[in-house]
Structures are given as structure tokens and as C-alpha cells.
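J.: The sequence and its predicted three-dimensional model are supplied below.
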Amino acid sequence: MKSIKITVITLAVMALITNDELQAQDEFGKKMAEAKTAFAANKLSDARFAMQQMLQEIDILMGKSILKLLPGTLDNTAANAANERVTGGSGFVGVIVHKDYGLLKDEPLISVEVISNSPVLVGLNALLSMPILAGGDGRKVVKVAGYKALVEQNKDEVNPGGHNLQLVVGNVLIAITHKSATAEGIVKLAETIPVAEIAKLAQ
């Protein structure tokens, strides 16, 4: 009986995933047709707008795939499913994926954000390439899954304590905040996230 229930649930989940992908493909096709029609009519502004919407559909679908890769628990703390979100956009930021875990003073204890094409990457890469500049003031450069990351003390005035970690993988920023972890603890936490798989999807 249990195996039948598991099979039914699995098929339902697969149907939802397939439906999401089909809807995205359908929307992509519509926007592609709109872009071609507008371009043929020399309505370049309309064609550009339709193409931007196409890219947004791709970003959102990619973000949903990344969200599925993030673990259901971190540091033995369950995810807050109601707070999960994916925001897509074209231009400077490609996709923002957010997931958080647990509570501390009515705020999430742990937050994870995956951001592609973040404007922060330029400055952060400069710091990571020169650890002497990055060091001090509660900051240090570490490695997570073979990638450089910046760890710093959390300076949140409302809930001080804990640490933040910013990990750069190509054009992707993985930002983790833990409001009670030590520097060593947040590095160990980051190592439980499938960094390579996320990077492959986001690039």
C-alpha cells in the first residue's frame, strides 16, 4: 500500500514539473512568434520587449531548477517552504533564487540566495583575488568546493551575531547568512550545498 502511495505522489510531482516546463515552453514560443512578427513589421521596440520576456521565462525556469537543488534542511534546520521564491529578470541580474531555514527572533535563522549576473560580482572578485585587502574587520577568504568565498561577521543591527558567506562560481553568486554560526560553521554549511550543480544550471 505504501509503495502505491509513493508511486502516485511521484507521478503527481513529475506531472507538475512537466506541466511547468510545458507552460514555459509554450510561453517562450508565443514570445518568439511575437518578436518575429514585430521585427518583420519593423517594430523594433516591440520585438525587443518580447525577447526580454522570453529571456525572463528562461531565467524563471532555471531558477526553479536551482531551487530544487537546494537542500530541504541545513544545519539540522528545516526550510521555510512558504518563503521560497524565484525572481527572474533580464539585464544586470539574471535570476534570484531565495530559500531560508528556521527562525530566530521572527526572522529566518539561515538564508541562501543564488544570484546570476549580480552587480556585486565585480567588486567581490577583486577582493577575492587579493586576500590581503579582503582580510581584517572580521573578514577572510576561504575555499568552498574548490571556489573562493568571502566570510564575514554579520553586522545586522537588529539581530547581530553569526556570519555571512559569499561564494563566486563564474557569473553566479551564492550568498549564505547564518545568524548564529561561527566562521568555520558557515564554511561547513556551504560545503553541504551542491555548488557545482548550481553553477552548471545557472551559467
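T.: Alright, I've got the coordinates. It should be emphasised that the depicted structure is a prediction, and the values quoted were computed from it without experimental measurement.
J.: Leu201: how many residues sit nearby?
T.: 19 (other C-beta atoms under 10 Å). Where C-beta positions appear, they are placed from N, C-alpha and C, glycine not excepted.
J.: before we move on, what about Glu197?
T.: Neighbours around Glu197, by other C-beta under 10 Å: 12.
J.: So for it, what's the pLDDT?
T.: The confidence metric pLDDT takes the value 90 at Glu197.
J.: what does Ser45 give?
T.: With respect to pLDDT, Ser45 scores 84.
J.: Kindly report the same for the one 3 residues further on.
T.: Turning to Arg48, the model gives it a pLDDT of 84.
J.: What count of nearby residues applies to it?
T.: Arg48 has 13 neighbouring residues, counting by other C-beta under 10 Å.
J.: Let's verify it: helix, strand, or coil?
T.: Following DSSP: H, G, I helix; E, B strand; the rest coil, Arg48 is assigned to helix.
J.: give the contact list for it.
T.: Not one residue lies near Arg48 by C-beta atoms under 8 Å, 6 or more residues apart in numbering.
J.: separation between it and Met54?
T.: Noted for Arg48: a distance of 11 Å to Met54, by C-beta to C-beta, to the nearest Å.
J.: Equivalent analysis for Ala47, please.
T.: In terms of C-beta to C-beta, Ala47 sits 11 Å off from Met54.
J.: what do you get for Ile174?
T.: Shown here: Ile174 relative to Met54, a distance of 26 Å by C-beta to C-beta.
J.: related to what we said a few turns ago, list residues touching both of Ala47 and Met54?
T.: Ala35.
J.: beta partners of the spatially most central residue of the chain?
T.: Nearest residue to the geometric centre of the chain (C-alpha atoms, centre = their mean): Val114, 2.2 Å. Val114 has these beta-bridge partners by DSSP bridges: Val97, Ile174.
J.: wouldn't it be in contact with Lys68 here?
T.: No - using C-beta atoms under 8 Å, Val114 is not in contact with Lys68, being 11.8 Å away.
J.: Return every residue with contacts to both of the two.
T.: What both Val114 and Lys68 touch, as defined by C-beta under 8 Å, 6+ apart, is an empty set.
J.: per-residue pLDDT, Ala41?
T.: Note on Ala41: pLDDT of 85.
J.: and it, how many residues sit next to it?
T.: Neighbours of Ala41 using other C-beta under 10 Å come to 10.
J.: ok, the spatially closest residue to Val144 that is not a sequence neighbour - contacts?
T.: Closest residue in space to Val144, ignoring its immediate chain neighbours: Ala190 at 4.5 Å, by C-beta to C-beta, 6 or more residues apart in numbering. The contact partners of Ala190, taken as C-beta under 8 Å, 6+ apart, are Val144, Ala145, Ala149, Leu165, Leu167, Ile174, Ile176.
J.: again, 7 Å this time
T.: Shown in contact with Ala190 (C-beta atoms under 7 Å, 6 or more residues apart in numbering): Val144, Ala149, Leu165, Leu167, Ile176.
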